[in-house]
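Quick check, what structure comes out for this input:
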Amino acid sequence: MNNILFICTGNICRSPTAEGFFRHHLARSSLAGQVTTDSAGTHDYHLGSAPDPRAINAAAAFSVDISGLRARQLQARDFQAFDLLLAMDHVNLEAIARIRPAGATADLRLMMDFDPAAGIEIVPDPYYGHQSDFELVCKLLDGATRNLVGHLERGLSA
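Numbers count the residues shown, from 1 in each chain. Now for the predicted structure:
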């Protein structure tokens with residue numbers, strides 16, 4: 001599992017935040033340089049846009065810089081290019097499954113599957129919320145992406 005794609009609705013809040021936190025933890029792991037990652041949205045609402053400023057600010061509080069990321073939409077080729085597609089919620093997981101091409105081998109999962117101790121199944125969408133909602137997303141994704149890196153370290157080193 002060397003290629004991981006994080007997916008939310010518009011690719012300006014949750015999925016770029018997940019990508020940023022994952023890159024942050026990955027750079028400090030034994031797998032630095034061995035795993036590629038990206039993020040995408042199931043919809044084309046914000047193509048080419050930077051992450052929401054509230055997401056950028058919340059991530060920066062964790063020393064994670066997501067300001068250089070740009071929104072893109074999930075494409076059929078992503079199901080071949082990536083080994084693991086991680087959805088932020090059930091709605092996005094269902095959307096991904098619907099557009100999954102026949103024969104695609106990428107594994108589809110929820111992001112929070114990697115942090116069951118958090119006690120929450122999904123990463124809630126902060127877009128219509130307040131700064132505190134973006135801060136919660138960062139806390140959730142910090143733990144889940146840290147655990148994902150640990151999972152990959154155990155799996156790739158075995």
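
ranges for the strands of the chain?
Assigned by DSSP state E, the strands in the chain fall at 3-8, 36-41, 84-87, 107-110.

Quick one: the ones you listed as JSON lines, columns for mean neighbour count too.
Using the backbone N, CA and C atoms, a C-beta is placed for each residue, glycine as well. Listed next are those as JSON lines, based on neighbours: other C-beta atoms under 10 Å:
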{"stretch": "strand 3-8", "mean neighbour count": "25"}
{"stretch": "strand 36-41", "mean neighbour count": "21"}
{"stretch": "strand 84-87", "mean neighbour count": "25"}
{"stretch": "strand 107-110", "mean neighbour count": "15"}
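
The helix ranked longest in the chain packs against which elements?
Identified as the longest helix of the chain according to DSSP state H is helix 131-157. Under the contact criterion of 3 or more C-beta pairs under 8 Å, 6 or more residues apart in numbering; DSSP states H and E, helix 131-157 touches helix 14-27, helix 53-60.

Most tightly packed of these?
Each of the helices and strands packed on helix 131-157 was assessed for mean neighbour count using mean count of other C-beta atoms under 10 Å. The highest is helix 14-27, with a mean of 26.

ok so, going back, so which of the strands of the chain gets nearest Arg14?
Closest of the strands of the chain to Arg14 is strand 3-8, at 4.0 Å (criterion: C-beta to C-beta).

Show me the shaky parts of the protein.
Applying pLDDT under 70 to the chain flags the ranges 1, 156-158.

try it again with 50
Where the chain drops to pLDDT under 50, the residues are 157-158.

returning to that earlier point: can the helices and strands packed on helix 131-157 go into JSON lines with extra columns for distance to Glu153?
Listed next are the helices and strands packed on helix 131-157 as JSON lines, based on distance: least, C-beta to C-beta, whole Å:
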{"stretch": "helix 14-27", "distance to Glu153": "10"}
{"stretch": "helix 53-60", "distance to Glu153": "23"}
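
Looking at the ones you listed, which is nearest to Met88?
Of all the helices and strands packed on helix 131-157, helix 14-27 comes closest under C-beta to C-beta, at 4.3 Å.

Check which helices and strands that closest one sits against.
Other helices and strands packing on helix 14-27, by 3+ C-beta pairs under 8 Å, 6+ apart, are strand 3-8, strand 36-41, helix 53-60, helix 131-157.
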